[in-house]
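In: Prediction below, plus the sequence it came from.
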Amino acid sequence: MGKVAGRQRVTMQDIARAAGCSQPTVSFVLNENDSAKISEATKTRVFEVARELGYEFSLKPTSKLTKSGPSSLYIDGPIAFVVDNLATSPEGVHAFDGVMQAVRQTENVVMLAETRNDPVHEEKILRQFLDQGVAAIIFACVFTRHVTLPDIL
């Protein structure tokens, strides 16, 4: 189990193991996402296991993807922009500016963090953003290189 402020925190992975299903299935069920075909029995089991394990359901508003036109898809909620190196070249600043321009007409806020290619710091940043209930994470790399998404994503 994950650890939060000195106590054990139940994760979706914990629920998946106990319920005998995958973590994505748990995510679909707990977020009430109907885009995957999941049986009612599995949904019931996931919710039961989540309650039994003491899973803390987020009281924050969830991300809502909304379509208001053929090419205007937007996210309702705070957005995290996580970049490896912001100040080493103009590309990082331009990328961040592009995100800011894209959300300017919405009520969203964009939160920025720089990882400096430190996987430990990267994990802490991502965990904090996820714990804060961001609607989306943009995980950017300034330089051309192979990127492996952190397990947390």
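Out: Structure's in. What do you need? Numbers count the residues shown, from 1 in each chain.

In: which residue packs closest to Leu126, ignoring adjacent ones?
Out: Ile152 (4.9 Å; Cβ to Cβ, 6 or more residues apart in numbering). C-beta: built from backbone N, CA, C; applies to glycine.

In: surely the one you found meets Leu130?
Out: Yes. Counting by Cβ atoms under 8 Å, Ile152 touches Leu130, with 6.8 Å between them.

In: What sits closest to Glu91 if chain neighbours are left out?
Out: Using Cβ to Cβ, 6+ apart and skipping residues adjacent in sequence, the residue nearest Glu91 is Val142, 5.0 Å away.

In: In three-state terms, label the residue nearest to Leu126 for me.
Out: Three-state assignment for Ile152 (DSSP: H, G, I helix; E, B strand; the rest coil): coil.

In: measure it to Thr115 for me?
Out: Distance of Ile152 to Thr115, given as Cβ to Cβ, to the nearest Å: 12 Å.

In: the more surrounded of these two?
Out: The neighbour comparison of Ile152 against Thr115 (other Cβ atoms under 10 Å) goes to Thr115, with 22 against 15.

In: so who does that one touch?
Out: Contact analysis of Thr115 by Cβ atoms under 8 Å, 6 or more residues apart in numbering lists 82-84, 121-122, 125.

In: hey, where'd the helices end up in the protein?
Out: With DSSP state H, the ranges of helices along the chain come out as 12-19, 23-30, 40-53, 90-103, 119-131.

In: Report all helices and strands that the fourth one contacts.
Out: Helices and strands touching helix 90-103, by 3 or more Cβ pairs under 8 Å, 6 or more residues apart in numbering; DSSP states H and E, are strand 79-83, strand 110-114, strand 136-140.

In: Repeat the analysis, applying 6 Å as the threshold.
Out: strand 79-83, strand 110-114 (3 or more Cβ pairs under 6 Å, 6 or more residues apart in numbering; DSSP states H and E).
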